[in-house]
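# Let me see the structure of the following:
(one chain, ligands or ions: 1)
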Amino acid sequence: MYKLVIKGGTPLNGTVKIAGSKNAALPILFASILADGPLTLTNTPHLSDVSTTLRLLMDMGGEFILESDNSLHINASKLTKLMGEYDLVKTMRASILALGPMLAKYKEAKISLPGGCAIGTRPVNLHLKALESLGAKITVEGGYIYATTDQLIGADIHFEQVSVTATENILMAATLAQGTTTVHNAAQEPEIVDLVNCLISMGAKISGAGTSVITIQGVSNLSGTSHSVCPDRIEAGTYLIAGAITGGKITLKNARHQSMQAIISKLQEAGATIDYDDQSITLDMKGKRPKAVNVKTSAYPNFPTDMQAQFCALNSIADGQSAITETIFENRFMHIPELSRMGAKLTLEGNTVICKGVKSLTGANLMATDLRASASLVLAGLAATGITTIERVYHLDRGYETIEEKLKLLGAQIERIQD
Ligand code: UD1
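The predicted structure is shown next:
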């Protein structure tokens, strides 16, 4: 097992290249099941969640080649096993994204139920109900979802709650359904737009992505294509906070400010100067202590739950008192006890964290619990006085490409060591 050792207190300065988006790459990899030929993807991030997805697709009969220029050719057009095994699915909930494409292409699918995780119960009822509306017959037995259909038929789907992966699952399934599907109360995340752009270049007929109503006209087959995965706005936001929490100046390359407005405006409220152009974003904290900011998570285009923990870290050392309210996942507060061990003054009241900013945190031995909670601990460690060690780094590797290497380039004193 690896751990990170951070000597905090150094302002971070410099330029960092943001990787392709995890949450766009995963559905796009699963979309390769729908194609009759290979997909060539560029800007795919090097993350353990991407490896898990590739392992799952390989286990089902897919093939891939990673070229020296980092482009990824994936051919999952002729699956030989229509089943997502528990051992792979349990490590990554997004595996449920295999269900819609498999069912649409092969008219049957068996996939392990993902189960709960550290941030909440995370059911898949919305995925299953929407697929049933398209004509799927679904049963759950022995921890597996069994789905079959004679033919998926387009329908009007009204999601009672906004869900990112349920929207993706249903729109992938609908691409090969007979007739037109309209998805109401669809998630509007930029990663959905990226998936839809890829599906359209495969031959799908989809309109409305990025709004709450998406219309899909089914086609009889989809082809292979080439696609460049959009940049990761959550990785980008995390590095902006690394600049803000250490009083430094950081430029992000391969970052799109258009999809980060909720994050950018909170950082400006915290006192950061932010400039951007089409491809880059620069944050300058000018050595100042951040001001405390109130945050409430909600579906895109509002403030993302995937940035909540990182703002907790920032508010921990900010000037003033703040409230951070989580409305998406009921239990996404695993970072609170760990940050408190560093001297943060955080109190949980229902789904709101009340944070009284302290002047500085002190390094401590910490345990990573889930992906974004772990990122908040790294950020806190960068700002703290003394040494912070973070165990169970594998949580970070699910969503941050070579995090310690990128932070080192910005001047951080951070090492990954083996226990
Ligand atoms: C996706 C993202 C994740 C992000 C989350 C919210 C991917 C791979 N993951 O996760 O990083 O934190 O969106 O922005 O893109 N729900 C149900 N029933 C369902 C599905 C969801 O009740 O069938 C609930 C969830 O418990 C949660 C809410 O809906 O309270 C939203 O979750 P959802 O958007 O589905 O999250 P994911 O798609 O799993």
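# So what's the gap between whichever helix or strand residue 234 is part of and the chain middle?
Using DSSP states H and E, residue 234 falls within helix 233-245. Here the centre of helix 233-245 is set off from its chain's centre by 14 Å, with Cα atoms, centre = their mean, to the nearest Å.
# out of everything not next to it in sequence, what's closest to residue 40?
In space, and not counting its chain neighbours, residue 40 is closest to residue 226: 4.3 Å by Cβ to Cβ, 6 or more residues apart in numbering. Any C-beta I mention is one placed from the backbone N, CA and C, and that applies to glycine too.
# And that neighbour, how close does it get to the ligand?
Residue 226 sits at a distance of 22 Å from the ligand (criterion: Cβ to the nearest ligand atom, to the nearest Å).
# Residue 69: neighbour count?
By the criterion of other Cβ atoms under 10 Å, residue 69 has 6 neighbours.
# Over to it. Which of the three states is it?
At residue 69 the chain is in coil, as set by DSSP: H, G, I helix; E, B strand; the rest coil.
# residues in contact with it?
With Cβ atoms under 8 Å, 6 or more residues apart in numbering as the criterion, no residue contacts residue 69.
# Could you list the domains of this structure?
Following the TED database, one finds the domains of the chain at 2-19+231-418, 22-228.
# Could you check the first one against the ligand for contacts?
Yes - in this structure, domain 2-19+231-418 sits against the ligand according to Cβ under 6 Å from any ligand atom; the contacting residues are 304-306, 328-329.
# Tell me the one among those nearest to residue 80.
Nearest to residue 80 out of the residues of domain 2-19+231-418 next to the ligand is residue 306 (Cβ to Cβ; 34.9 Å).
# ok, the residue lying closest to the closest one once chain neighbours are set aside - how many residues close by?
Leaving out its chain neighbours, the residue that sits closest to residue 306 by Cβ to Cβ, 6+ apart is residue 234, at 4.6 Å. Applying other Cβ under 10 Å, we find 23 residues neighbouring residue 234.
# again, but for residue 412
Residue 412 is flanked by 24 other residues according to other Cβ under 10 Å.
# So which bits of the stretch 51-200 of the chain are right by the ligand?
Residues of the stretch 51-200 of the chain found near the ligand (Cβ under 6 Å from any ligand atom) are 93-94, 120, 122-127, 161, 163-166.
# ranges for the strands of the stretch 51-200 of the chain?
Assigned by DSSP state E, counting those that start in this stretch, the strands in the stretch 51-200 of the chain fall at 63-66, 72-75, 83-84, 108-112, 137-141, 144-148, 156-158, 180-184.
# Where does the prediction get shaky in this structure?
Applying pLDDT under 70 to the chain flags residues 115-121.
# most remote residue from it's center?
The C-alpha centroid of the chain is most remote from residue 150, which lies 33.5 Å away (Cα atoms, centre = their mean).
# Spell out which residues sit in contact with it, please.
For residue 150, counting by Cβ under 8 Å, 6+ apart, the contacting residues are 107, 135.
# try residue 299
Neighbours of residue 299 in contact, by Cβ under 8 Å, 6+ apart: 162, 187-189, 328.
# Of those residues, just say which sits nearest to the ligand.
residue 328 (5.1 Å; Cβ to the nearest ligand atom).
# can you count the residues close to the closest one?
Using other Cβ under 10 Å, residue 328 has 20 neighbouring residues.
# same check, this time on the one 3 residues further on
Burial of residue 331 is recorded as 15 neighbouring residues (other Cβ under 10 Å).
# Throw the strands of the stretch 51-200 of the chain into CSV and include mean neighbour count, thanks.
Output for those, formatted as CSV (neighbours: other Cβ atoms under 10 Å):
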stretch, mean neighbour count
strand 63-66, 14
strand 72-75, 20
strand 83-84, 22
strand 108-112, 21
strand 137-141, 12
strand 144-148, 19
strand 156-158, 15
strand 180-184, 19
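# follow-up on the earlier one: what is the neighbour count of the residue nearest to residue 40?
Residue 226 has 13 neighbours, counted by other Cβ under 10 Å.
# Which positions within the strand or helix carrying it qualify as buried?
In the assignment (DSSP H and E), residue 226 maps to strand 225-228. Across strand 225-228, burial judged by 16 or more other Cβ atoms under 10 Å covers 225, 227.
# same thing with stretch 79-98?
The neighbour-count check on stretch 79-98 (16+ other Cβ under 10 Å) flags 79, 82-86, 88-89, 91-98 as buried.
# What ranges does the stretch 201-350 of the chain have for its strands?
So, for the stretch 201-350 of the chain - with DSSP E, counting those that start in this stretch - the strands run 205-207, 213-217, 225-228, 249-253, 273-276, 280-284, 295-296, 321-325, 345-349.
# Which one, of those, ends up nearest to residue 51?
Between residue 51 and the strands of the stretch 201-350 of the chain, the shortest separation by Cβ to Cβ is 19.1 Å, and it involves strand 225-228.
# could you dump that closest one to CSV, C-alpha only?
The C-alpha trace of strand 225-228 is given here as CSV (Å, rounded to 0.1, in the frame of the first residue of the first chain):
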residue,chain,number,x,y,z
THR,A,225,-15.2,7.0,-34.6
SER,A,226,-12.4,9.2,-33.2
HIS,A,227,-13.1,11.5,-30.3
SER,A,228,-11.1,13.7,-27.9
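# do you know how far the residue nearest to residue 83 when sequence neighbours are not counted is from the ligand?
Spatially, and ignoring its direct neighbours in sequence, residue 83 is nearest to residue 110 (4.4 Å; Cβ to Cβ, 6+ apart). From residue 110 over to the ligand the distance is 18 Å, taken as Cβ to the nearest ligand atom.
# mind listing what residue 37 touches?
By Cβ under 8 Å, 6+ apart, residue 37 lies in contact with 75, 77, 223-224.
# Could you identify the buried members of those residues?
Looks like the contacts of residue 37 have 75, 77, 224 buried, using 16+ other Cβ under 10 Å.
# now those residues as JSON lines including distance to residue 380?
Formatted as JSON lines, these follow (distance: Cβ to Cβ, whole Å):
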{"residue": "75", "distance to residue 380": "43"}
{"residue": "77", "distance to residue 380": "45"}
{"residue": "224", "distance to residue 380": "44"}
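# Buried among the residues of the stretch 51-200 of the chain next to the ligand? Make that a PyMOL selection.
Applying 16+ other Cβ under 10 Å to those, the buried members can be selected in PyMOL as follows:
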select buried, resi 93+94+122+124+126+127+163+164+165+166
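# Save the residues of the stretch 51-200 of the chain next to the ligand as a markdown table, and put in distance to residue 291 too.
Output for these, formatted as a markdown table (distance: Cβ to Cβ, whole Å):
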| residue | distance to residue 291 |
| --- | --- |
| 93 | 35 |
| 94 | 35 |
| 120 | 30 |
| 122 | 34 |
| 123 | 38 |
| 124 | 40 |
| 125 | 41 |
| 126 | 38 |
| 127 | 41 |
| 161 | 34 |
| 163 | 34 |
| 164 | 31 |
| 165 | 35 |
| 166 | 37 |
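# Good, we can wrap up now.
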